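Enquirer: Sequence and predicted structure below; questions after.
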Amino acid sequence: MADARRVSGASGGVGHLAVQIAVARGATVVALARPHDHAALYELGARSCVDYTDRPAVAAIGTVDAALDLVGGDFGVSLFDLVAPGGTVALATAWSIPRYRAAAEARGIRAVACLVDAGRIRVVVGARFDLYRAVEAQAWVTNRLGFGKAAIVVGDREGRRERGDQAGTRGGPA
């Protein structure tokens, strides 16, 4: 698939933002996520969605120009073979690679800020937890129990947990 970007972990807190950034920059995005998250990813601009647990379906996408791996492990390594020669692979788990160093680029950060200011990127808050339930929030993220970001709300002494909504229809900026 020419001029395409593959995003693994596309429904997560970073992945849903990466999908929107790539789309805003004119890329064709193939989102890898669980099937129940596909509708929200289409709403965020993904051109196609594939269940990441279906290895033959992932391979059937063919090669892409760039891949962003937000999952890591063996799955992330398997994506290298699906990037065209001369393509780009970005790893969220790159700290596990010896001598790898990443640095933020001011120009790129400004470009993302402009997209946010223009309303072309929105943060999807999948669940809100009060500060006293931070452990539950961490479990929500670690166990991939929802779409988007988990927000910790300071000052909610009732200890409640609120679910956001996929694709930002109820969730707002974190």
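Expert: Nice, I can see it. Nothing here was measured: the structure is a model prediction, and the numbers come from that model. Numbers count the residues shown, from 1 in each chain.

Enquirer: only C-alpha atoms for contact and neighbour calcs from this point on.
Expert: OK.

Enquirer: Can you pull the phi/psi pair for residue 45?
Expert: Main-chain dihedrals, residue 45, degrees, to the nearest 10: phi 110, psi 0.

Enquirer: May I ask you to confirm that residue 84 is in contact with residue 64?
Expert: Yes. Counting by C-alpha atoms under 8 Å, residue 84 touches residue 64, with 5.6 Å between them.

Enquirer: quick one, which of the two is more surrounded?
Expert: residue 64 (23 against 17; other C-alpha atoms under 10 Å).

Enquirer: give the contact list for that one.
Expert: The contact partners of residue 64, taken as C-alpha atoms under 8 Å, 6 or more residues apart in numbering, are 1-6, 82-84, 87.

Enquirer: Residue 112 too?
Expert: Counting by C-alpha under 8 Å, 6+ apart, residue 112 has contacts residue 21.

Enquirer: For this structure, give me the ranges with low pLDDT.
Expert: Along the chain, the model assigns pLDDT under 70 to residues 1-2, 93-105, 156-174.

Enquirer: all strands for it, in order.
Expert: 4-8, 28-32, 48-50, 64-69, 83-91, 125-130, 149-153, 161-163 (DSSP state E).

Enquirer: and residue 139, which of those is closest to it?
Expert: Among the strands of the chain, the nearest to residue 139 by C-alpha to C-alpha is strand 149-153 (10.1 Å).

Enquirer: Any idea how far the closest one is from the middle of the chain?
Expert: 16 Å (C-alpha atoms, centre = their mean, to the nearest Å).

Enquirer: Could you list the paired strands of that strand along with their orientation?
Expert: Strand 149-153 has the following sheet partners, assigned by DSSP bridges: strand 125-130 (parallel).

Enquirer: State which helix of the protein is the longest.
Expert: helix 106-117 (DSSP state H).

Enquirer: for that helix, which positions count as buried?
Expert: 112, 115 (16 or more other C-alpha atoms under 10 Å).

Enquirer: Can you name the residues that contact the closest residue to residue 12 other than its chain neighbours?
Expert: The shortest distance from residue 12 to any non-neighbouring residue, by C-alpha to C-alpha, 6 or more residues apart in numbering, is to residue 148 (4.8 Å). Residues near residue 148 by C-alpha under 8 Å, 6+ apart: 11-16, 123-126, 166.

Enquirer: swap in residue 91?
Expert: Contacts of residue 91 by C-alpha under 8 Å, 6+ apart are 68-70, 72, 76.

Enquirer: Which member of those residues is positioned nearest residue 36?
Expert: residue 70 (18.3 Å).

Enquirer: just checking, that closest one touches residue 15?
Expert: Yes. Using C-alpha under 8 Å, residue 70 is in contact with residue 15, at 6.9 Å.
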